[in-house]
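# all I have is the shape, not the residue letters:
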């Protein structure tokens, strides 16, 4: 457990690790000039893209894992047994609370995508379409994290957020690696729609 500045935290998220950073607010935010003028609209687009492509990513992932995942996904990909950030905000929640919850969600997702992509590069190196979708989703997620970082600093002077990451799949069996990936992606499909419904109204033009 420790306090990790946003810049260092973003670098950490490139590695599939489990860790924490504590939520504080203060004078440590970088210059607000780092925010792009269209940061809210860009954030809206990124969330919309992730929401629109989540189910396709999950379906393609299942297809590439083969049996028994293709025919027993409801059983094998049930995410009940894995950690996933709680998402308890709704449309009536305070905007600050929503933004912090979003950061936790997408920081976790970014690290999880790193795990999944690494495993698929090892297990399915010829699955070019899947790997491309994973890389594109990761790229969009990292851009979204950058924009959420900017909005949290600019609007609320928050520059560190408590983030818990999932377990790394390193050292696990092939089956467990595939299962962990499908559990995370199944949960992602369930949560991203809710996240989009909650966040987008808070980013609507004034």
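Here it is on my side, so go on. Quick caveat, the model's predicted, so the values are computed rather than measured.

# kindly state the pLDDT recorded for residue 153?
Residue 153 is assigned a predicted lDDT (pLDDT) of 89.

# tell me who's in contact with residue 141.
50, 106, 109-110, 113 (C-beta atoms under 8 Å, 6 or more residues apart in numbering). C-beta coordinates here come from the backbone N, C-alpha and C atoms, glycine included.

# just the element for it, please.
helix 128-156 (DSSP states H and E).

# a markdown table for the contacts of residue 141, including pLDDT, distance to residue 169 and secondary structure?
Listed next are the contacts of residue 141 as a markdown table, based on pLDDT from 0 to 100; distance: C-beta to C-beta, whole Å; DSSP: H, G, I helix; E, B strand; the rest coil:
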| residue | pLDDT | distance to residue 169 | secondary structure |
| --- | --- | --- | --- |
| 50 | 97 | 22 | helix |
| 106 | 95 | 20 | helix |
| 109 | 95 | 15 | helix |
| 110 | 95 | 15 | helix |
| 113 | 96 | 12 | helix |
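
# list just the nearest of the residues you listed to residue 170.
residue 113 (15.0 Å; C-beta to C-beta).

# measure the closest one to residue 45 for me?
For residue 113, the distance to residue 45 (C-beta to C-beta, to the nearest Å) stands at 19 Å.

# between these two, which has more neighbouring residues?
residue 113 (25 against 16; other C-beta atoms under 10 Å).

# isn't that one right next to residue 138, touching?
Yes. Counting by C-beta atoms under 8 Å, residue 113 touches residue 138, with 4.6 Å between them.

# please enumerate the helices of the chain.
Taking DSSP state H as the test, the helices found in the chain are 6-12, 39-65, 73-76, 95-123, 128-156, 174-202.

# with respect to residue 163, which of the ones you listed lies nearest?
helix 95-123 (4.5 Å).

# burial count for residue 36?
Count around residue 36 with other C-beta under 10 Å applied: 13.

# against residue 95, how distant is it?
Residue 36 is 19 Å from residue 95, by C-beta to C-beta.

# equivalent analysis for residue 186, please.
On the measure of C-beta to C-beta, residue 186 and residue 95 end up 29 Å apart.
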